[in-house]
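*Asks:* only geometry, no sequence info:
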């Protein structure tokens, strides 16, 4: 996968790892340059079939989860607990080799099968959400050892915080 870099020269960035989802969406992992370990930092981009390359934002998956939760609260809360446990277990990259291999441990159809009913709700598939979230957790934990954006958002969603609190956390406008 490639995407235009913001250098004004028409340069393209190329992914060092790609994940191809069952619906044809591609998620690309690119070299980043931020945080406490810039050499291990990653950028995440995705491209749905027939659409342009996009950068995922927290607010996108959060809104999708809120839609799912509105229609099937119990199952969505179980899925959120699964994501919260993922946050506890996912680790930062320790070296360049781990970064370049970028192996994901929580993406499996077997683990997601019990939540499959949620695929009929909202915009995103569970497969997409789990790939995206695991990558974003790795990115967050690799970039800053004290980063808790995901943890705070998942906790807010699990506690049934007001939508304003959740959106504030997802857009990183509130106290994190």
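*Replies:* Cool, got the structure. All values reported here derive from a predicted model rather than from experimental measurement.
*Asks:* just name whatever secondary elements the strand or helix carrying residue 3 is in contact with.
*Replies:* Assigned by DSSP states H and E, residue 3 falls within strand 2-4. Using 3 or more C-beta pairs under 8 Å, 6 or more residues apart in numbering; DSSP states H and E, the elements in contact with strand 2-4 are strand 12-14. In this view, the C-beta of every residue, glycine as well, is placed from N, C-alpha and C.
*Asks:* helices and strands around the helix or strand just after the strand it packs on, which ones?
*Replies:* Toward the C-terminus, strand 12-14 is succeeded by strand 17-20 as the next helix or strand (DSSP H and E). Judged by 3+ C-beta pairs under 8 Å, 6+ apart, the packing partners of strand 17-20 are strand 26-31.
*Asks:* give me the number of residues near residue 43?
*Replies:* 17 (other C-beta atoms under 10 Å).
*Asks:* before we move on, what about residue 20?
*Replies:* Using other C-beta under 10 Å, residue 20 has 10 neighbouring residues.
*Asks:* next, work out how far apart the closest residue to residue 41 other than its chain neighbours and residue 14 are.
*Replies:* Once flanking residues are discounted, residue 41 sits nearest to residue 32: 3.2 Å by C-beta to C-beta, 6 or more residues apart in numbering. According to C-beta to C-beta, to the nearest Å, residue 32 and residue 14 sit 13 Å apart.
*Asks:* all set now, cheers.
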